[in-house]
Each structure stands twice: as structure tokens, then as C-alpha cells.
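Undergrad: can't give you the sequence, but here's the structure:
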């Protein structure tokens, strides 16, 4: 086993070629017929674009991309930056590699093979390390292996008593004991060209799928006493497979930085917890210390000076912001006879002015993101006025107008600004608190679950095309609101 901390010299890169596999149907991605899954956007750019750029930055010039399904969508992204090889029929990864090898010239001594749907987070250092390890161990075949805390569904690396890799075991074929193995196959290989051209022809068709699997090359190499090198990389974050819309959403969020106001409870807290699970660095902002059990910034949203000071503090600690969720709000529901001017001022300050201050103050950091996103949280009462809620309606109507105006203002920049209008939620927000809402629910009133809202928020955040306005209401909500929607 060779550890990733080992960094010997690398070969003459003019003798290295890369084959990117990008021909698969990607059925689980539910893509349109004319769109290959590797062209789905990840953080603003097609996945395979990152793969190409990483290879280029590593200094490797010979890049062959194997295309097949929806090949024109791949060519539209890569244009003339690679050599294309076509796989006429989808007959598995080994067959795709054979197609790619037809474009490998005689002067190429080493071939790296990678997939276009799981390599976006690779680094040039990783590719160079794999190459160097391959040469320094005099290997015929090198495999990048990674230890995953949750290896479910992934191919396990099986080693013999001497620690030599002898096969890759797929999840469905693994015994209970083998499923405990946490070292997985990344799908990134380095081959000596002579080896792969000779032994790939020994791979047999799988009887169940009628496909030829590249993973079988490991067992063949072992049986023929070829030199197999396991190159173990210490950072599991470099590998992330994207095979479903859910995995794409997770990949899109990974490593991003989000500011969430109102993160102490309700929707904001649920959103922060979920985003953190998906690899987002969350900057939590709320009013009171006791509301949060994680590091956060405390802020009284009704005070302009406090908000401005906080924004400057965030700007001094972070070099970019990818997402801003303006969730914090205050619900003042009073008739005009009972409404104090100070309450009116607080409603405008928290629900309208504070979101504007966050957007304005963090603008320079948002512009540093590849594709920044701001989501303002509105209310049905910002679309349909309700009697006895003058202050709240005024502030939410104002927020809607501000958000829609900013959407147009930043249309040509790398910042998307949207408004999410929500119906009543099962939170402590507004009059009566959560216990009151639970009693109302027993009487038939419908409320949105915060988890339902968060699911919608992540769906919006990770979508390629953003709309200016979204709405989400509970089932059975007032038809008047639904007409507007």
C-alpha cells in the first residue's frame, strides 16, 4: 500500500494519456434524452468541465473522452479541448476503455482512466501522486483507494494476507464480513499501456448484464501475477460519485459557505443542520445565545448598527459567501388602533431592512462565488393583505418588491436572487407559538413542516435555473393564495 503522503518524482507527462468515460446512459439521473449526466451543472459549470480542467492543471495534454449516449451534449461542453472516441453501444466500462485505447498513440506509456461523473473534486496533486506512485512501485496497474466512513453501495477493496489487492467486491456480492471493509474503489486507475492493451481482452462479459466491467481487470492482473499498486488517498472528500439527482444536489452543496439568519430555531435551524450534513459551512445568525447549540453570530435584527457591524465581522473572517438565506423575521399581528409605532418600525427593520443590509453588506463576498444564491423568505401575507396585520403585511409586501427588483438588477451577474413565499409553518413564529398551532392543527388548519420547507429550499438552491419567485403552501390552504401562485 502506498500512502498519499509519498511524493516521488513523476514521469514525462508527454508519455501520459487520460481516458475519461462519458458514454453511459445515466438512467438514475432521469436526464432528458439529449443530455448526458456528466453535463449536469455542479457549482455553475458542467461536471466534466472540472475533470478536464484538473487534468490540464496536472500538465497532461493527451485527453481522450469516450462518448456515446447524448454525445453532442458532451462535445458542446468540451469542444475541441479533447480527442473523442465513440462507444457505439453501451457494453460496460471495460468496453468503453477499449474504445478509448484506439486513440492512444504508440508513444503513450501510461494511461489514466477516470469517470466523468465522479472526478470533479479530484486535484492535480492527486493525479500526479498516482502517477508517481505507479512508477515508483513498478506497477502494471495502480488503483486510487479511499477510506469511506459509510461505504454502502460502493465496491470494496479486498487484499490478501500480504496486503496485495486481489479483487474488487461489489456491494451486492459482498458477505457480511466484507461489507465491513471501508476501503473502496474510487474508479481512478493508472495502467502501463502495454499491460492494459494486453489484459483488457481477457475480461469476460457479465452473464446478467451482458456488459464488460473494468473492475474485473484487478482479478485478472492478480491471477497473472502482475504488479498491483493500491494508492490510498487520505482525504475522502476528493471522490464523490454523482448517479442520482439527490447526489448531484449534495455535490452542488459540498464545500460551499452559507449565511443563515434566524438559524436558532424552526426552519433556519433545520436548514442549517441539513446543509451541514451535506458538507456546507454554515454561518448561523440569530438573536439569542440560548437558541443555538453551535457556534454562531448573535444579532438584534431590529438594530441597523448591529446588523452592519455583524456583516463587517463576517466579511473579515470569510473570503467568499455562496448562499445567503434571509429567514429571520418578526410577526406583529395587531389592528392599527393597538399598533405602536415602535412595533411598526421593528417589523420593517427585521423583515425588510435587515435582509437588505445583509445583501448589500455581503455583496462583495457573494460576487467571489462561482454562482452565488440569495433566498429571501416571504409570506402569503406579502401577496394577499390580511385584516389586522398591517405592519406584517407592509413589511412582507416590501420584501417581495425588494427581492423581485434585485433579481432583475443582478440578472447579468453571477448572483441569483429569489423569493420563497411560504404559507403557515409549524414553528413558534408569530402569535401563539407552536403550542397554539398544534391546537389549531387538531381543528383542521394546515401547516407546513419545517423539514418539508427545507427540502424545497435545497431543491431550489441546487437547481440549474433559478426563478425570481417560488411559493409553498400547505395542502388545503386558502384558494385565494393559490390563485396568486
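TA: Yes, it's here. Worth saying up front: this structure is predicted, and the values here are computed from it rather than measured. Numbers count the residues shown, from 1 in each chain.

Undergrad: would you map the helices across the stretch 351-485 of the chain?
TA: Using DSSP state H, counting those that start in this stretch, the helices of the stretch 351-485 of the chain run over 354-361, 363-366, 390-409, 433-442, 450-461, 479-484.

Undergrad: any low-confidence regions in the chain?
TA: 1-10, 288-295, 426, 428-432, 437, 476-485 (pLDDT under 70).

Undergrad: tally of neighbours for the residue nearest to residue 345 when sequence neighbours are not counted?
TA: Using C-beta to C-beta, 6 or more residues apart in numbering and skipping the chain neighbours, the partner closest in space to residue 345 is residue 302 (7.9 Å). C-betas here are computed from N, CA, C, even on glycine. Neighbour count for residue 302, taken as other C-beta atoms under 10 Å: 19.

Undergrad: contacting residues around residue 407?
TA: By C-beta atoms under 8 Å, 6 or more residues apart in numbering, the contact list for residue 407 reads 416, 417, 418, 419, 468.

Undergrad: return the residue of the chain that is most distant from the centre.
TA: residue 337 (49.9 Å; C-alpha atoms, centre = their mean).

Undergrad: ok so that one is a strand residue?
TA: No - assessed with DSSP: H, G, I helix; E, B strand; the rest coil, residue 337 is coil; it does not lie in a strand.

Undergrad: that one and residue 385, how far apart?
TA: 17 Å (C-beta to C-beta, to the nearest Å).

Undergrad: all helices of the stretch 101-250 of the chain, in order?
TA: Under DSSP H, counting those that start in this stretch, the stretch 101-250 of the chain gives helices at 124-136, 193-199, 216-223, 245-253.

Undergrad: which strands or helices does the longest strand anywhere in the chain pack on?
TA: With DSSP state E applied, the strand covering the greatest number of residues in the chain is identified as strand 183-192. Counting contacts by 3 or more C-beta pairs under 8 Å, 6 or more residues apart in numbering; DSSP states H and E, strand 183-192 packs against strand 110-115, helix 124-136, strand 141-147, strand 156-159, strand 228-233.

Undergrad: how far is that strand from where the chain is centred?
TA: With C-alpha atoms, centre = their mean, to the nearest Å as the basis, strand 183-192 stands 23 Å off its chain's centre.

Undergrad: which residues in the stretch 1-150 of the chain form strands?
TA: For the stretch 1-150 of the chain, applying DSSP state E, counting those that start in this stretch gives strands covering 2-3, 16-22, 41-42, 45-46, 62-67, 83-86, 110-115, 141-147.

Undergrad: how about JSON lines for those, with distance to residue 424 added?
TA: Below are the strands of the stretch 1-150 of the chain laid out as JSON lines (distance: least, C-beta to C-beta, whole Å):
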{"stretch": "strand 2-3", "distance to residue 424": "55"}
{"stretch": "strand 16-22", "distance to residue 424": "46"}
{"stretch": "strand 41-42", "distance to residue 424": "34"}
{"stretch": "strand 45-46", "distance to residue 424": "39"}
{"stretch": "strand 62-67", "distance to residue 424": "50"}
{"stretch": "strand 83-86", "distance to residue 424": "54"}
{"stretch": "strand 110-115", "distance to residue 424": "45"}
{"stretch": "strand 141-147", "distance to residue 424": "45"}
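
Undergrad: using TSV, lay out the ones you listed together with distance to residue 330 and mean neighbour count.
TA: Listed next are these as TSV, based on distance: least, C-beta to C-beta, whole Å; neighbours: other C-beta atoms under 10 Å:
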stretch	distance to residue 330	mean neighbour count
strand 2-3	54	16
strand 16-22	51	27
strand 41-42	36	19
strand 45-46	39	18
strand 62-67	54	24
strand 83-86	58	17
strand 110-115	49	23
strand 141-147	47	23
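
Undergrad: which one of these lies closest to residue 435?
TA: strand 41-42 (43.1 Å; C-beta to C-beta).

Undergrad: what's that closest one packed up against?
TA: If you count contacts as 3+ C-beta pairs under 8 Å, 6+ apart, strand 41-42 packs onto helix 245-253.

Undergrad: would you mind listing the buried residues in the helix it packs on?
TA: 245, 247, 248, 249, 250, 251, 252, 253 (16 or more other C-beta atoms under 10 Å).

Undergrad: residues touching the nearest residue to the third one once chain neighbours are set aside, list them.
TA: Spelled out, that is residue 248. With sequence-adjacent residues excluded and distances taken as C-beta to C-beta, 6+ apart, residue 248 is closest to residue 242, at 5.1 Å. Residue 242 sits next to 29, 37, 40, 42, 47, 117, 118, 120, 248, 251 when contact means C-beta under 8 Å, 6+ apart.

Undergrad: residue 104 versus the last one, what's the distance?
TA: I take that to be residue 251. For residue 251, the distance to residue 104 - C-beta to C-beta - is 30 Å.

Undergrad: same question for the fifth one.
TA: Separation of residue 47 from residue 104 (C-beta to C-beta) stands at 24 Å.

Undergrad: over to the fourth one?
TA: Applying C-beta to C-beta, the value for residue 42 to residue 104 is 28 Å.

Undergrad: distance check, the residue nearest to residue 345 against residue 94.
TA: Taking C-beta to C-beta, one finds residue 302 at 64 Å from residue 94.

Undergrad: next: residue 335.
TA: 74 Å.

Undergrad: which one of these two has more residues nearby?
TA: residue 94 (23 against 10).

Undergrad: out of residue 47 and residue 104, which sits in the busier spot?
TA: Higher neighbour count among residue 47 and residue 104: residue 47, with 28 against 20, using other C-beta under 10 Å.

Undergrad: which ones are touching the more buried one?
TA: Per C-beta under 8 Å, 6+ apart, neighbours of residue 47: 37, 38, 39, 40, 41, 116, 117, 120, 242, 251.

Undergrad: out of the residues you listed, give me the one that has the most neighbours.
TA: Most surrounded of those: other C-beta under 10 Å gives residue 38, at 34 neighbours.

Undergrad: show me the contacts for that residue.
TA: Counted by C-beta under 8 Å, 6+ apart, residue 38 has contacts 22, 26, 46, 47, 48, 51, 74, 116, 117.
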